[in-house]
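starting from these lines, generate the structure:
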Amino acid sequence: AAAEKTRLAASGVSDAVEANVRAAQSAAADVQAIARTAESHATAAQEAGLVYINTTVDYGVGQAAGTGMILTSDGEILTNHHVVEGATAISVQVVSTGKTYRAAVIGYDSAHDVAVLQLQNASGLTTIKPDTSSAVQVGDKVTGVGNANGDGGPASASAGTVAALNQSITVRSDAGGASE
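Sure, this is the predicted structure:
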């Protein structure tokens with residue numbers, strides 16, 4: 001399966017999307033640090049273009065869940081590499097419609113924790129509407145929207161503020177102490 005994966009640079013993701021990914025990655029760490037009291041259910045507008053991703057790893061031994069964004073109406077999805085790394089099966093549910101698709105990884109950059117998926121037999125999907133009007137700045141208001149509990153329930157929305165740009169974080173696994 002690794003031989004079938006291609007580098008993210010070959011996937012055709014536009015510079016504007018890559019810039020939004022970097023901005024979202026910077027904002028994500030800050031949004032995660034905000035107290036859960038600011039969390040609420042996402043609005044229909046916030047759910048537009050949002051998907052829940054469920055993966056099977058190690059041929060059924062483990063499972064993982066994450067969130068992604070619809071980039072193209074025919075089912076190109078942007079997510080985090082750690083959500084799909086080592087997956088032997090990937091299922092993607094469009095939050096706004098409830099429709100589920102099988103997916104395959106078509107590009108990734110593990111160093112930047114980014115992956116692109118392609119949904120099978122998808123068409124007419126509502127895509128995200130990224131804000132490309134200006135660069136993200138420290139102090140900008142952001143809203144993180146996703147599957148906070150990993151249970152596929154209603155999408156949550158958490159307000160936050162961009163506290164820093166171009167930062168790295170280290171994540172440790174509760175299961176095995178490994179870090180990423």
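
where does this protein have low pLDDT?
1-39, 169-180 (pLDDT under 70).

one more time with 80, if that's ok
Along the chain, segments meeting pLDDT under 80 span 1-39, 59-60, 131-134, 148-151, 168-180.

all helices of it, in order?
For the chain, applying DSSP state H gives helices covering 15-33, 44-47, 81-84.

any buried residues in the second one, and which?
By neighbour count, with 16 or more other CB atoms under 10 Å as the criterion, the buried positions of helix 44-47 are 46-47. Where you see a C-beta, it was placed from the backbone N, CA and C, and this is true even at glycine.

ok, and what's touching it?
95-96, 143, 145, 155, 157 (CB atoms under 8 Å, 6 or more residues apart in numbering).

ok, which pair from the residues you listed is furthest apart?
Farthest pair in the contacts of helix 44-47 (CB to CB) is Ser96 and Thr143. Separation: 16.5 Å.

can you give me the strands in this structure?
39-41, 50-57, 62-70, 76-79, 87-94, 100-109, 114-119, 141-146, 156-161 (DSSP state E).

I'd like the ones you listed laid out as TSV, including distance to Ile128 and mean neighbour count.
Output for those, formatted as TSV (distance: least, CB to CB, whole Å; neighbours: other CB atoms under 10 Å):
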stretch	distance to Ile128	mean neighbour count
strand 39-41	19	13
strand 50-57	8	21
strand 62-70	5	19
strand 76-79	8	25
strand 87-94	12	19
strand 100-109	16	19
strand 114-119	13	24
strand 141-146	10	18
strand 156-161	14	17
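
adding distance to Thr132, write the ones you listed out as JSON lines.
Listed next are those as JSON lines, based on distance: least, CB to CB, whole Å:
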{"stretch": "strand 39-41", "distance to Thr132": "26"}
{"stretch": "strand 50-57", "distance to Thr132": "18"}
{"stretch": "strand 62-70", "distance to Thr132": "14"}
{"stretch": "strand 76-79", "distance to Thr132": "15"}
{"stretch": "strand 87-94", "distance to Thr132": "23"}
{"stretch": "strand 100-109", "distance to Thr132": "20"}
{"stretch": "strand 114-119", "distance to Thr132": "18"}
{"stretch": "strand 141-146", "distance to Thr132": "15"}
{"stretch": "strand 156-161", "distance to Thr132": "20"}
